[in-house]
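>>> need a 3D model of the sequence below.
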Amino acid sequence: MSEQEKENEQPEIVDKRSSSGGKKKAEERPAETEDVEALRTGLEEERKKAEAYLANWQRAAADFQNYKRRVEQERDEVARLANAALIINILPILDDLERALLSVDTHLAGLTWVDGIRLIYRKFQAVLEAAGVSEIKTEGQDFDPRVHEAVMYGEGEEGKIVSEVQRGYTLDGRVLRPAMVVVGRGKPGAGPEGKDEGEQG
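As a prediction, the model looks like this:
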């Protein structure tokens with residue numbers, strides 16, 4: 001056998017590491033892709049959970065603010081009702097003082113005790129005004145059933161308040177006590193009924 005033939009018979013050495021490594025990498029790629037997809041899915045789920053937790057927290061914070069506002073309003077309302085109850089009980093005293101001062105004879109005017117009662121009456125008025133109490137206007141006003149209470153009809157322009165029987169008051173715009181008034185019934189025969197009667201006569 002020649003040297004040339006010996007060289008040709010040498011076993012061929014094949015490096016299988018490169019081929020096996022490529023196959024292994026090719027097998028690993030789908031697994032990595034699945035892991036990435038799983039991570040993305042998990043991340044998306046966690047993101048949705050975080051958004052849901054944030055929305056719940058914002059809703060709870062808003063509910064708490066509404067609760068605090070409602071409690072403050074209820075506390076103010078209770079205080080306002082307590083003031084209203086106290087003022088309603090004071091109003092008859094103010095009415096008595098007013099009637100007493102109106103019935104004082106002229107020859108007693110200027111006496112010290114009369115001036116003292118008048119001063120007490122004005123102090124009562126000042127305290128009520130400071131608490132938000134206002135008198136309901138009646139003189140020359142149109143009758144308003146929201147703030148006036150008609151106790152009788154009298155001679156005068158129809159629908160107009162003729163006189164005041166008892167003063168009315170409001171507290172911060174709400175009626176504490178309606179004003180009792182006399183309402184004008186209009187001129188006799190001026191209304192539709194009077195016209196009919198005139199025509200018949």
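>>> G132 and T170, how far apart?
G132 sits 9 Å away from T170, taking Cβ to Cβ, to the nearest Å as the criterion. Yep, even glycine has a C-beta here, placed from its N, CA and C like the rest.
>>> hmm, I was thinking of A31
82 Å.
>>> which one of those two is surrounded by more residues?
Neighbours were counted for A31 and for T170 using other Cβ atoms under 10 Å; T170 has more, 17 against 9.
>>> pLDDT value on the more buried one, please?
For T170, the pLDDT comes out at 94.
>>> residues contacting the closest residue to it other than its chain neighbours?
Excluding its sequence neighbours, the residue lying closest to T170 (Cβ to Cβ, 6 or more residues apart in numbering) is S134, at 5.1 Å. Neighbour list for S134: 169-171 [criterion: Cβ atoms under 8 Å, 6 or more residues apart in numbering].
>>> between these, which is nearest Y53?
Relative to Y53, the closest of those is L171; by Cβ to Cβ it sits at 47.0 Å.
>>> how about the closest one, phi and psi?
phi -120, psi 110 (degrees, to the nearest 10).
>>> give me the beta-bridge partners of it?
V133, R174 (DSSP bridges).
>>> state the distance from it to R177.
According to Cβ to Cβ, L171 stands 10 Å off from R177.
>>> got it, and R40?
Taken as Cβ to Cβ, the span from R40 to R177 is 73 Å.
>>> neighbour-wise, which of the two wins?
Taking other Cβ under 10 Å, R40 and R177 do not tie; R177 has more neighbours (19 against 10).
>>> so who does the more buried one touch?
Going by Cβ under 8 Å, 6+ apart, the list of residues near R177 reads 88, 91, 166, 168-169.
>>> how does it look with 7 Å?
Applying Cβ atoms under 7 Å, 6 or more residues apart in numbering to R177 gives the contacts 88, 91, 168-169.
>>> neighbours of G132, just the number please.
15.
>>> next secondary structure after the longest helix along the chain?
The longest helix of the chain (DSSP state H) is helix 16-102. Counting by DSSP states H and E, the element after helix 16-102 in chain order, helix or strand, is helix 112-130.
>>> tell me the pLDDT of the residue nearest to the spatial centre of the chain.
Nearest to the geometric centre of the chain sits Q73, at 7.8 Å (Cα atoms, centre = their mean). For Q73, the pLDDT comes out at 94.
>>> distance check, it against N66.
Distance from Q73 to N66, by Cβ to Cβ: 10 Å.
>>> give me the low-pLDDT residue ranges for the chain?
By pLDDT under 70, the weakly predicted segments of the chain are 1-28, 188-201.
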